[in-house]
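Student: After the sequence you'll find the predicted model.
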Amino acid sequence: MIKKRKKHLLYLGNKLSHKGRNATGVETLGKQLEQEGYQVTSVSSFSNKVVRLLHMLSTVFVKSKKVDFLLIDTYSTTNFWYAYLSAKIARYLKLEYICILHGGDLPKRLINSRRKSEELFKNAKTNIAPSPYLLAAFEKEHYKNLAYIANPIELINYKFQIPVLKTPKLLWVRSFAEIYNPTLAIEVFEKIKQKFPQAELCMVGPEKDGSLAKCKALAEAKNLSVKFTGKLPKEEWVTLAEEYNIFMNTTNFDNTPVSVIEAMALGLPVISTNVGGLPYLIDAEKDGVLVSKNDSDAFVNAIDRLIAQPEFAQQLSIAARKKVEQFDWEVVKQKWDAVLQ
């Protein structure tokens, strides 16, 4: 039997983990596709936005006749225009492209930039929605060229254990950016310390817009001992997670955060704001707890409940681990093969 040749892919996205940022799809998914035998050329790692854009556009010109498909990480803010311009060149060069959709605010972009969005997305070979949330948003705007492929994790790397819930040991993992509302975690911690003086809070993630400095200053002003690790390699924070028993996601806008999926895989009961794609990922009261955004009292009440009802917390953990089995790369890669072949 003749084995089919794996495709040569050009993947555009922000490769900035070497600059202290969290790894994005172009770095994680790109590596996984390479391991499956695809030839992947990926750009760009320049810090300067203009230089990064020019690098992406010029690479599309140079590689257009040498690759089979163009993959584009597509977001709602500045990077939307990276995708728009790159796709415009790809169409001129008759190179098929695939948009990989990211960001909880992307549905607003469909409305606020309707004509540009239609030009970008309706001419794509496929638009990959990593969450039912974005899939539904695009279907609502009558897009047809859609496929749902979840953000993958390698489940074997996440040791499942049901945590002991006596004293709240809170873990927060995300980039320190205002849209993720990290200061809310500090406010929650201040209130929970009044009930549980031995409570702990660890916040993991890189600085993005000054929010890390703001959180450190807030914790110091409130005389709170918060552990700030900065950015950690995935293996390190996954190991660190064994020391904690509740995962908090405080975001104001979001799609389907990989960090939440990872927490579910590890067995940490998740308390998250009920925004964007989170209610599509978390089935409230079955595999996680959802609360109103920017509501510290709601978080405190949810933490209280998990401590008071460990059986409930255990049920959440088991159900969450079962759910995220569908995010395992061994499952997800078959869907990518179908799109790329």
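Tutor: Right, received. Where do you want to start? Numbering: from 1, shown residues only.

Student: Look up the residues forming beta bridges with Thr126.
Tutor: Ile98 (DSSP bridges).

Student: right, and it touches Ala147 too?
Tutor: Yes. Counting by Cβ atoms under 8 Å, Ala147 is a contact partner of Thr126 at 5.2 Å. Using the backbone N, CA and C atoms, a C-beta is placed for each residue, glycine as well.

Student: Pull up the overlap in contacts between these two.
Tutor: By the contact definition Cβ atoms under 8 Å, 6 or more residues apart in numbering, Thr126 and Ala147 are jointly contacted by Val339.

Student: These two: which is more packed in?
Tutor: Thr126 (18 against 15; other Cβ atoms under 10 Å).

Student: Next one, pLDDT for the more buried one please.
Tutor: The score at Thr126 is 97. That number is its pLDDT.

Student: Strands of the stretch 201-341 of the chain, residue ranges please.
Tutor: Assigned by DSSP state E, counting those that start in this stretch, the stretch 201-341 of the chain shows strands spanning 227-230, 246-249, 270-273, 289-291.

Student: Switch these over to CSV; also include mean neighbour count.
Tutor: Listed next are the strands of the stretch 201-341 of the chain as CSV, based on neighbours: other Cβ atoms under 10 Å:
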stretch, mean neighbour count
strand 227-230, 14
strand 246-249, 27
strand 270-273, 26
strand 289-291, 22
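
Student: can you tell which of the ones you listed is closest to Leu218?
Tutor: If you check each of these against Leu218 by Cβ to Cβ, strand 227-230 wins as the nearest, at 11.4 Å.

Student: Export only the CA atoms of that closest one, formatted as CSV.
Tutor: C-alpha atoms of strand 227-230 as CSV (Å, rounded to 0.1, in the frame of the first residue of the first chain):
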residue,chain,number,x,y,z
LYS,A,227,3.5,33.3,44.9
PHE,A,228,4.3,34.8,41.5
THR,A,229,6.4,32.4,39.4
GLY,A,230,6.5,34.3,36.2
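
Student: Okay, now the sheet partners of that strand, with direction.
Tutor: Here strand 227-230 is paired, per DSSP bridges, with strand 200-204 (parallel).

Student: CSV for the strands of the stretch 201-341 of the chain, including mean pLDDT and distance to Gly20?
Tutor: Listed next are the strands of the stretch 201-341 of the chain as CSV, based on pLDDT from 0 to 100; distance: least, Cβ to Cβ, whole Å:
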stretch, mean pLDDT, distance to Gly20
strand 227-230, 97, 8
strand 246-249, 98, 21
strand 270-273, 98, 25
strand 289-291, 98, 30
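
Student: Reformat these as TSV; add distance to Leu16.
Tutor: Putting those into TSV (distance: least, Cβ to Cβ, whole Å) gives the following:
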stretch	distance to Leu16
strand 227-230	15
strand 246-249	22
strand 270-273	25
strand 289-291	31
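
Student: Which one, of these, ends up nearest to Phe196?
Tutor: Proximity to Phe196, assessed across those by Cβ to Cβ, is greatest for strand 246-249 (11.2 Å).

Student: Who are the packing partners of that closest one?
Tutor: Packed against strand 246-249 by the contact rule (3 or more Cβ pairs under 8 Å, 6 or more residues apart in numbering; DSSP states H and E) you find strand 169-173, helix 258-266, strand 270-273, helix 296-308.

Student: hey, which of the ones you listed is tucked in deepest?
Tutor: Across those, averaging neighbours per residue (mean count of other Cβ atoms under 10 Å) puts strand 270-273 on top, at a mean of 26.

Student: Please report how far the residue nearest the centre of the chain lies from Leu135.
Tutor: Nearest to the geometric centre of the chain sits Pro257, at 3.2 Å (Cα atoms, centre = their mean). In this view, Pro257 and Leu135 are 17 Å apart by Cβ to Cβ, to the nearest Å.

Student: What are the structural domain limits within this structure?
Tutor: Residue ranges for the domains of the chain, per automatic domain parsing: 8-149, 155-326.

Student: Could you export the helices and strands packed on strand 246-249 as JSON lines, including distance to Tyr158?
Tutor: Formatted as JSON lines, the helices and strands packed on strand 246-249 follow (distance: least, Cβ to Cβ, whole Å):
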{"stretch": "strand 169-173", "distance to Tyr158": "13"}
{"stretch": "helix 258-266", "distance to Tyr158": "4"}
{"stretch": "strand 270-273", "distance to Tyr158": "14"}
{"stretch": "helix 296-308", "distance to Tyr158": "20"}
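
Student: closest to Thr59 out of those?
Tutor: Of all the helices and strands packed on strand 246-249, helix 258-266 sits nearest to Thr59, with 25.9 Å by Cβ to Cβ.

Student: what angle separates the closest one from strand 200-204?
Tutor: 130 degrees (axes from the mean of the first three to the mean of the last three Cα atoms, to 10 degrees).

Student: quick one: contacts of helix 258-266?
Tutor: 151, 153, 155, 158-161, 171, 173-174, 234, 238, 241-242, 247, 249, 270, 272, 278, 281-282, 287-288, 320-321, 323-324, 327.

Student: Okay, and which of those residues map to helices?
Tutor: Secondary structure from DSSP state H places Lys234, Val238, Leu278, Leu281, Ala320, Arg321, Lys323 of the contacts of helix 258-266 in helices.

Student: Now do the contacts for the closest residue to Ser113 other than its chain neighbours.
Tutor: In this structure, Ser113 finds its nearest non-sequential neighbour in Phe80, 7.3 Å apart by Cβ to Cβ, 6 or more residues apart in numbering. Going by Cβ under 8 Å, 6+ apart, Phe80 touches Thr74, Arg109, Ser113.
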